[in-house]
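Engineer: got a predicted model here, sequence first, then my questions.
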Amino acid sequence: MSIIEEINELHKNAEHKKIIEIITAIPKEQRDTELFSLLARAYNNIGKYDEALDNLMYIREESIDDTLWNHRVGYSYYYKGDKEDAEMYFKKAYDLNNDDIDSYNFYMLCSEDRDDGINFEERVNRFWKWFEENENVISDFIEQKSDMSSDEIIEFISNGMALISNKLQFVFGGNYEFTFTVEGKEYLFYFTPRIVDAMPEKLKSKWKFFPYMQKQDIADSNFKMYNKDLSFKEILVLAEYDEYTNFFNLKFYNKQLNELEEDYAYNAFYIMLEHAVGENISKLYLLGDVEKADKKLDGMIELTKLYDFIMNVLKNKNKEIILDPINRYTVYECKPTDNFFREDIFIGNTCYMELIDDYANFNIDTFITISKMGARAVYLAYAFSDNKDNDFEDENINQKLFDERDKIANELESVMGEKGSGKEIGILLGSAFGILCGYIDLLLYNQDEFIKRAEEVLKKYNYKFRLLRFRQYSEAIKTFND
């Protein structure tokens, strides 16, 4: 076995100190670039980041354009707490190899708390202050009293929106109506309602704000796209309800759409669909299968009638009609795989399923975007074994633990403020139950204030609670009852 093979075998067994002993026993002048890099890896793995950097910088000249070298330097800086330098090296590693997802994820994580120190609650307050101060400018444009062009007013409002985030899209006009548009950014369903609900009272007599695109009046409307003039009435759909998933599967047909390339046809249909039913209904009930039909099928209706059709089916099936995605909870099941946080979960519920999927699939882009908006997607974890009063021989123990978790969640939800009040500092996304731990999932608009209020709630319980970021391998943000 070569020395490299021996080192890699020791690495698999996490014998990092042994690796350091072997390599440091070799005189520096006899070590090649690979040995210096492997020594740095071993130092990184035992938390000696300065020593790792010393060895990596020793081979800097010959390794500056090597993906692995840049990743290891970034790793050292990241865990030293120097995320600015780490970001530069992780970016270089990813630029050198776009398949290096680990470097990309670390690069993104370098900015996970980069919110300029302004939480989402404060950002919303600043926006509404700006809007009140500039409402006359926007009104003048709607009333055609302004010299501003359409592009100028859009840029003007966009600058105001940037007080919250530069990711927000909107349309405005008509009878003083202002609508945020989600446009595929699912996370906005959990932010724009909070913005709208915080609207100052004195604006409400004049302005109507909507958190996402509503069902449009399209009965006699056309839609121009890809050099096609499409009538909403002439788009035909067959909607079949799946009671198990509570979704509608769709088939659509239109001669002009069928003349387009496949991707263009689907894209045009999806855009028209959201105009017909609203972005909220599209997310809540139209996540089933969508197929393009080659001909008109029996049972097809005009797209303009789809919204009423959906409402009637749900009513006839005695289903609760939910209009806001933030209020729809989904139960999910998992197969426990480990004793690590969240890896022991076997059942949970959530109103934000995309976040659960992102966590499971190591997707952190949305998590980072949320953080940059001054909010925090987090979860509270606690081990059942912490409470010495828990009798695990009791045949009713699971129900007691379920009830206790729900009680804690309800109390936390209460201290965060009433949902929809425009003053809440966070919302309950859901909860989960594991073999070893209980979990409460949260979206915080003001994390610091939540921590203060949560301390009063959690001190009544005999558990050590950890508040963690909603991503894998998160360190604890805060520990309660330590």
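Structural biologist: Arrived safely.
Engineer: ok, Tyr253 - how many residues close by?
Structural biologist: Burial of Tyr253, expressed as a neighbour count using other C-beta atoms under 10 Å, amounts to 20. For glycine as for every other residue, the C-beta is placed from the backbone atoms N, C-alpha and C.
Engineer: contact partners for the nearest residue to it once chain neighbours are set aside?
Structural biologist: The shortest distance from Tyr253 to any residue that is not its chain neighbour, by C-beta to C-beta, 6 or more residues apart in numbering, is 4.3 Å, and that residue is Ala293. Listed by C-beta atoms under 8 Å, 6 or more residues apart in numbering, the contact set of Ala293 reads 238, 251-253.
Engineer: so who does Asp229 touch?
Structural biologist: Going by C-beta under 8 Å, 6+ apart, Asp229 touches 222-223, 256.
Engineer: for beta bridges, what are the partners of it?
Structural biologist: Per DSSP bridges, residues listed as beta-bridge partners of Asp229: Lys224.
Engineer: also Ala432?
Structural biologist: Using DSSP bridges, the beta-bridge partners of Ala432 come out as Gly348, Tyr439.
Engineer: wait, isn't it in contact with Ile345?
Structural biologist: Yes: Ala432 is within contact range of Ile345, at 4.7 Å (criterion: C-beta atoms under 8 Å).
Engineer: anything in contact with each of those two?
Structural biologist: Counting by C-beta under 8 Å, 6+ apart, the shared contacts of Ala432 and Ile345 are Tyr439.
Engineer: distance between stretch 205-225 and the chain's centre?
Structural biologist: For stretch 205-225, the distance from its own C-alpha centre to the chain's C-alpha centre is 26 Å (C-alpha atoms, centre = their mean, to the nearest Å).
Engineer: what comes up buried for it?
Structural biologist: Of the residues in stretch 205-225, those scored as buried under the neighbour-count criterion (16 or more other C-beta atoms under 10 Å) are 207, 209-216, 218, 223.
Engineer: of these, closest to Leu35?
Structural biologist: Closest approach to Leu35 among these (C-beta to C-beta): Tyr212, at 56.7 Å.
Engineer: would you double-check that the closest one falls in a strand?
Structural biologist: No: assigned with DSSP: H, G, I helix; E, B strand; the rest coil, Tyr212 falls outside any strand and is coil.
Engineer: pretty sure it contacts Lys185?
Structural biologist: No: taking C-beta under 8 Å as the definition, Tyr212 is not a contact partner of Lys185, at 10.2 Å.
Engineer: where exactly do the strands run in the stretch 201-350 of the chain?
Structural biologist: For the stretch 201-350 of the chain, strands defined by DSSP state E, counting those that start in this stretch occupy the ranges 208-210, 222-225, 228-231, 236-242, 247-253, 290-292, 301-302, 330-333, 345-350.
Engineer: tell me which of those strands sits nearest to Arg72.
Structural biologist: Using C-beta to C-beta and comparing those, the one that lies nearest Arg72 is strand 345-350, at 32.5 Å.
Engineer: flag every buried residue along the helix or strand following that closest one.
Structural biologist: Using DSSP states H and E, the helix or strand that directly follows strand 345-350 along the chain is helix 353-360. Across helix 353-360, burial judged by 16+ other C-beta under 10 Å covers 353, 355-356, 358-359.
Engineer: ok, residues contacting helix 353-360?
Structural biologist: With contacts defined as C-beta under 8 Å, 6+ apart, helix 353-360 is touched by 186-187, 330, 332, 342, 348, 350, 363-367, 377, 429, 441, 470-472.
Engineer: what about Thr366, how many residues nearby?
Structural biologist: A total of 17 residues lie near Thr366 under the criterion other C-beta under 10 Å.
Engineer: longest helix of this protein, counting residues only.
Structural biologist: Longest helix in the chain by number of residues, with DSSP state H as the criterion: helix 120-142.
Engineer: what does the next helix or strand after it rub up against?
Structural biologist: Using DSSP H and E, the next helix or strand after helix 120-142 towards the C-terminus is helix 150-161. If you take C-beta under 8 Å, 6+ apart as the criterion, helix 150-161 is touched by 127, 130-131, 134, 137-138, 141, 146, 148, 166, 168, 170, 172.
Engineer: mind picking the two most distant members of the residues you listed?
Structural biologist: Farthest pair in the contacts of helix 150-161 (C-beta to C-beta) is Ser146 and Asn166. Separation: 23.8 Å.
Engineer: please tell me I have it right and Thr304 contacts Lys233.
Structural biologist: Yes: counting by C-beta under 8 Å, Lys233 is a contact partner of Thr304 at 5.6 Å.
Engineer: neighbour-wise, which of these two wins?
Structural biologist: Remark: of Thr304 and Lys233, Thr304 carries more neighbours, 21 against 15, as counted by other C-beta under 10 Å.
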